[in-house]
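Participant: coords below, sequence missing:
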């Protein structure tokens, strides 16, 4: 679910926090992705097909644009998320929700596929969006790509939505810094706003709309003070409301040490064995896509060489793409807000 109507509220009250870009604007960037969101997109769009196929095509598109994806997997969900997960499982027709964090067979397939594609994967201790937010705060990655808005209350400086392979698709980028400035609140107040709007970790106050919730937090600053001011008959507060637990999840999410991030060449033969011989995807489809990937990458390499020859030198060469990166030093100046929140990779 994410945060109920947060995107609408940002569009109406903090439009300056939103920018519209093209996928090519993220060339050279390291992007963390909440894997479950990506997989669920493909599962919903093509329920008769394995989401592995969509993940295969989407990842190659990122790599063609010289985007360095980092796929983050969910761990054990917080106890407070149980009700939401059970409801989602019922809606999807699953027998039960995964409350243990144990990897399903589909998750194991995704892990294997991504490793064969040569992209790094990270296992989160809890919700993947929390770790994605940590990675961008620390400068390990440049931004988070997710359709859920949860990464903003978790503290992700840059959230990207609609980062997909569709032609002429407009990418939507949210700046947390600009959002807080426009709303005139700090991160703690923003988290309380998100809880009032409705999140995955507790109930919300019935009847309290986004505009009213925003006005109350801007005036009273905390949920505790808001509850003292509202009319309890008009806005009934839930019994045993666990908003404090939800607040703690957002502000004190479990931290983990990010491994070294390494991108390597895709293993075409192993990919064919997995997708074609195990998952029964047509082999010529996989081979054709891999050939297109090589041709596109070579074309971009030649384009960059021409630009360097003309004195532009605006991107790194392809031989620098597949390398190990870790936390990077902060540049002194940069016009790009993504670069401002990223440390440069070490040379290897």
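Facilitator: Right, received. Where do you want to start? If you're wondering where the values come from, they're calculated on a predicted model, not measured in any experiment. Numbering: from 1, shown residues only.

Participant: Tell me, please, where in the chain the pLDDT is lower than the cut-off.
Facilitator: 1, 88-89, 91-101, 165-168, 312-348 (pLDDT under 70).

Participant: What is the distance between the longest helix along it and the centre of its chain?
Facilitator: Of all the segments of type helix in the chain, defined by DSSP state H, the longest one is helix 283-309. Between the mean C-alpha point of helix 283-309 and the mean C-alpha point of its chain there is a distance of 26 Å (CA atoms, centre = their mean, to the nearest Å).

Participant: in it, what counts as buried?
Facilitator: Buried positions in helix 283-309, judged by neighbour count with 16 or more other CB atoms under 10 Å: 286, 289, 290, 293, 297, 300, 301, 304. (Glycine included, C-beta is placed from N, CA and C.)

Participant: Stretch 118-128 too?
Facilitator: Applying a neighbour-count criterion of 16+ other CB under 10 Å, the buried positions in stretch 118-128 are 119, 120, 121, 122, 123, 124, 126, 127, 128.

Participant: swap in stretch 70-90?
Facilitator: Counting neighbours by 16+ other CB under 10 Å, one finds that the buried residues in stretch 70-90 are 70-78, 80-81, 84-85.

Participant: The residues you listed into JSON lines, with extra columns for distance to residue 231?
Facilitator: Compiled in JSON lines, those are given as follows (distance: CB to CB, whole Å):
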{"residue": "70", "distance to residue 231": "47"}
{"residue": "71", "distance to residue 231": "46"}
{"residue": "72", "distance to residue 231": "42"}
{"residue": "73", "distance to residue 231": "44"}
{"residue": "74", "distance to residue 231": "39"}
{"residue": "75", "distance to residue 231": "41"}
{"residue": "76", "distance to residue 231": "39"}
{"residue": "77", "distance to residue 231": "34"}
{"residue": "78", "distance to residue 231": "31"}
{"residue": "80", "distance to residue 231": "27"}
{"residue": "81", "distance to residue 231": "30"}
{"residue": "84", "distance to residue 231": "28"}
{"residue": "85", "distance to residue 231": "33"}
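
Participant: any chance of the residues you listed in JSON lines, plus secondary structure and distance to residue 60?
Facilitator: Converted to JSON lines, the buried residues of stretch 70-90 look like this (DSSP: H, G, I helix; E, B strand; the rest coil; distance: CB to CB, whole Å):
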{"residue": "70", "secondary structure": "strand", "distance to residue 60": "16"}
{"residue": "71", "secondary structure": "strand", "distance to residue 60": "13"}
{"residue": "72", "secondary structure": "strand", "distance to residue 60": "19"}
{"residue": "73", "secondary structure": "strand", "distance to residue 60": "20"}
{"residue": "74", "secondary structure": "coil", "distance to residue 60": "24"}
{"residue": "75", "secondary structure": "coil", "distance to residue 60": "27"}
{"residue": "76", "secondary structure": "coil", "distance to residue 60": "31"}
{"residue": "77", "secondary structure": "coil", "distance to residue 60": "30"}
{"residue": "78", "secondary structure": "coil", "distance to residue 60": "34"}
{"residue": "80", "secondary structure": "helix", "distance to residue 60": "37"}
{"residue": "81", "secondary structure": "helix", "distance to residue 60": "32"}
{"residue": "84", "secondary structure": "helix", "distance to residue 60": "33"}
{"residue": "85", "secondary structure": "helix", "distance to residue 60": "31"}
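
Participant: Report the two members of the residues you listed separated by the largest distance.
Facilitator: With distances taken as CB to CB, the most widely separated pair in those is 70 and 80, at 26.4 Å.

Participant: Which ones among the buried residues of stretch 118-128 lie within strands?
Facilitator: 121, 122, 123 (DSSP state E).

Participant: Apart from its chain neighbours, what residue comes closest to the second one?
Facilitator: Once flanking residues are discounted, residue 122 sits nearest to residue 72: 5.0 Å by CB to CB, 6 or more residues apart in numbering.

Participant: swap in the last one?
Facilitator: With CB to CB, 6+ apart as the criterion, residue 123 has its nearest non-adjacent residue at 5.3 Å, and that residue is residue 73.

Participant: swap in the first one?
Facilitator: Nearest-residue entry for residue 121: residue 71, 4.8 Å, with adjacent residues in sequence omitted and distances by CB to CB, 6+ apart.

Participant: For residue 150, see how far away that neighbour is.
Facilitator: 17 Å (CB to CB, to the nearest Å).

Participant: Then residue 81?
Facilitator: Applying CB to CB, the value for residue 81 to residue 150 is 11 Å.

Participant: Overlap of the contact sets of the two?
Facilitator: For the pair residue 81 and residue 150, residues contacting each of them under the criterion CB atoms under 8 Å, 6 or more residues apart in numbering are 127, 200.

Participant: all helices for the protein, in order.
Facilitator: Taking DSSP H as the criterion, the chain carries its helices at 6-13, 35-45, 51-64, 82-92, 105-117, 128-138, 176-183, 187-197, 210-220, 223-229, 243-251, 268-272, 283-309, 337-340.

Participant: picking up where we left off before, any chance of the buried residues of helix 283-309 in JSON lines, plus distance to residue 195?
Facilitator: As requested, the buried residues of helix 283-309 are exported to JSON lines (distance: CB to CB, whole Å):
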{"residue": "286", "distance to residue 195": "45"}
{"residue": "289", "distance to residue 195": "43"}
{"residue": "290", "distance to residue 195": "46"}
{"residue": "293", "distance to residue 195": "43"}
{"residue": "297", "distance to residue 195": "45"}
{"residue": "300", "distance to residue 195": "44"}
{"residue": "301", "distance to residue 195": "48"}
{"residue": "304", "distance to residue 195": "46"}
